[in-house]
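>>> just the structure for this:
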Amino acid sequence: MKQLQCIAIDDEPFALEILSDDIQKISFLKLTATFSSPLNALEWLKTEPVDIIFLDIQMPTLTGTQFLRSLPHPPMVIFTTAYEQYALEGFDLNVVDYLLKPIPFERFLRAVQKANELFSLRHKEEIIQIAPERGFFFVFSEYKEIKLFYDEILYVEGLKDYVKIFTHQYPKPVLTRLNLKAIEAKLPIQGFCRVHNSFIVALDKITSFQKSKLHINKWEIPIGNRYLIQFEQQYRLIP
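Here you go, the predicted model:
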């Protein structure tokens, strides 16, 4: 697996130290430099290859957004900031993710996995699959194992002790005794997104969305506030 070359830019030494430690825990990342000033990072980028920049926003002299706008051909960028009000501007700048300090490691891991997948797609690297045919998984329903193809799934609704899986495959939803978290673990991260405490959707099946809801054909599905930013980020990556 190729290691992605990373740099981190933050004017707070302690924040840089924590970020460096997290990066070094990830096998597919290689931290090549850290900078307390974005101006110094500009010089580095002129001569050194960089795949990902971990970038703070509120910095003296040059903000993270100003720095990013100054790059003619920016690499992938993950914002690391204590301020959530720049999220929409971050989306306009096509950042891979927007992490709010203090950053839980699990949230950091999700962001860099997304960057790794995006890097593979951009460079047309083959993603290793278990089998060449369409992806699928099995669930137990109505006293039998049912085979579900990923590309047939529309959305999943979580109930108290069950989930309902809506598909093109079957005329009525498949009811199975699993929780939403267990189903989420079975679905490929690049094609599906949790948008609410009770719903997971297939991103390529969405016909329209607003900040509080989305539509998949005739079905209306709510979008929870805590899932909105993550959903918008993933949805923008769908070709």
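>>> heading C-terminal from the lowest-mean-pLDDT helix or strand in the chain, find the next helix or strand.
Ranked by mean pLDDT, DSSP states H and E, the weakest helix or strand in the chain is helix 87-92, scoring a mean of 82. Using DSSP states H and E, the next helix or strand after helix 87-92 towards the C-terminus is strand 97-100.
>>> ok, back up a step: so what does the least confident helix or strand of the chain touch, helix or strand wise?
Helix 87-92 is packed against strand 97-100, helix 228-236, with contacts defined by 3 or more CB pairs under 8 Å, 6 or more residues apart in numbering; DSSP states H and E. Glycine gets a C-beta too; all of them are placed from N, C-alpha and C.
>>> return the most buried member of those.
strand 97-100 (a mean of 20; mean count of other CB atoms under 10 Å).
>>> quick one: contacts of the helix ranked longest in the chain?
Using DSSP state H to assign secondary structure, the helix with the most residues in the chain is helix 105-122. Helix 105-122 is contacted from outside by 2, 4, 22-23, 25-26, 28-29, 51-52, 76, 78, 96-97, 99, 127, 189-190, 233-234, 237, using CB atoms under 8 Å, 6 or more residues apart in numbering.
>>> orientation of it relative to helix 228-236 in degrees?
Put simply, helix 105-122 runs at 10 degrees to helix 228-236, going by axes from the mean of the first three to the mean of the last three CA atoms, to 10 degrees.
>>> which ones among the contacts of helix 105-122 lie within helices?
Short answer: those in helices (DSSP H) are 22-23, 233-234.
>>> TSV for those residues, including pLDDT?
TSV is the format used below for those (pLDDT from 0 to 100):
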residue	pLDDT
D22	96
I23	96
Q233	84
Q234	84
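>>> so which of those comes closest to K46?
Nearest to K46, judged by CB to CB, of the ones in helices among the contacts of helix 105-122 is I23 at 22.2 Å.
>>> surely that closest one and I7 touch.
No - applying CB atoms under 8 Å, one finds I23 not in contact with I7, separated by 9.7 Å.
>>> what touches both of those two?
Shared contacts of I23 and I7, counting by CB under 8 Å, 6+ apart, come down to 31, 54.
>>> ignoring the adjacent residues along the chain, who's closest to G158?
The shortest distance from G158 to any non-neighbouring residue, by CB to CB, 6 or more residues apart in numbering, is to L180 (3.6 Å).
>>> swap in I53?
Among residues not flanking I53 along the chain, V77 sits closest, at 4.9 Å (CB to CB, 6+ apart).
>>> OK, contacts around the one you found?
52-53, 55, 68, 93, 95-96.
>>> how far away is it from K211?
Distance of V77 to K211, given as CB to CB, to the nearest Å: 24 Å.
>>> hang on, the earlier thing: which of the ones in helices among the contacts of helix 105-122 sit farthest apart?
Based on CB to CB, the longest span within the ones in helices among the contacts of helix 105-122 runs between I23 and Q234 and measures 22.1 Å.
>>> dump the residue contacts of F67.
F67 neighbours (CB under 8 Å, 6+ apart): 9, 38, 41-42, 55.
>>> ok, G90 next?
G90 is in contact with 65, 79, 98, counting by CB under 8 Å, 6+ apart.
>>> relative to F149, how far out is the spatially most central residue of the chain?
Using CA atoms, centre = their mean, the residue of the chain that lies closest to the mean C-alpha position is K114, 4.6 Å off. For K114, the distance to F149 (CB to CB) stands at 24 Å.
>>> that concludes my questions; thank you for your assistance.
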